[in-house]
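Asks: Sequence and predicted structure, then a few things I'm wondering about:
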Amino acid sequence: MIPLIVLVVIIAAVAFYFAGIYNNLIALRNFYMNAYTQIDIQLKRRYDLIPNLVEAAKGYLAHERGTLEAVIKARNTAFDASKIAAASPGNAAAMAGLTQAEGSLSGMLSKLLAVVESYPDLKANQTISDFMEELTSTENKISFARQAYNDAVTDYNIKREQFPNNVISSTFDFKMAALLEVVEKAEERTAPKVFFN
């Protein structure tokens, strides 16, 4: 009778242990999904600001119509990619699509900002200035939210790959989650060369 009780206690302990691993993986997955929600909120804020900025700049930049249209097109592409990513946070294809679309949008916004900088009247306009400040603030919030998301994804991925967690993660199909990376231009990764004469 005692060996049977010991066996039942051992089986119950192992079952509770593996249930704990399963519940921990669920919690970590929910943490990274919530962290992505914070990115999504800030992206939507930026997507709402961009058309307003373009509309405010139209009066000053009638001859820069191509740049303005390209910014809106890039914004729309990024917005569509963000909807796909929001439907499946952590999905590698969705994150790659969002990363690429956001890289294109950032490039077009850089062009627009360069154009704005070259027009003192436009740069001095209070409405444009307010939009630029809001956009900068939102970009910072996106960066912080992206870092929090990537930290949560890293924690989840580490836990799902560790033994014995990997047994549970493969049995219950806890897939690897993808990071949301920033696309940098090659010249941004290259350190500037300094010459001393």
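Replies: Received it, and whenever you're ready, just let me know what you need. What you are looking at is a predicted structure, and each value in this text was computed from that prediction instead of being measured. Numbering: from 1, shown residues only.
Asks: name the element residue 141 belongs to?
Replies: Per DSSP states H and E: residue 141 is located in helix 126-161.
Asks: Run a quick neighbour tally on residue 104.
Replies: Counted by other C-beta atoms under 10 Å, the residues lying close to residue 104 total 18. Bear in mind the C-beta positions are built from the backbone N, C-alpha and C, glycine included.
Asks: Okay, now the unreliable bits of this structure?
Replies: 183-197 (pLDDT under 70).
Asks: how about the helices in it?
Replies: All helices of the chain, identified by DSSP state H, fall at 2-58, 65-87, 92-117, 120-124, 126-161, 165-171, 186-189.
Asks: residue contacts, residue 59?
Replies: With contacts defined as C-beta atoms under 8 Å, 6 or more residues apart in numbering, residue 59 has no neighbours.
Asks: nearest residue to residue 25 other than its sequence neighbours?
Replies: In space, and not counting its chain neighbours, residue 25 is closest to residue 174: 5.2 Å by C-beta to C-beta, 6 or more residues apart in numbering.
Asks: same thing with residue 32?
Replies: Residue 32's closest residue in space is residue 152 (C-beta to C-beta, 6+ apart), at 3.8 Å.
Asks: give the contact list for that neighbour.
Replies: 28, 31-32, 34-35.
Asks: which of those lies closest to residue 121?
Replies: Among the contacts of residue 152, residue 35 lies closest to residue 121 (C-beta to C-beta), at 41.5 Å.
Asks: Tell me if I'm right that the closest one and residue 148 touch.
Replies: Yes: assessed by C-beta atoms under 8 Å, residue 35 is found in contact with residue 148 at 4.8 Å.
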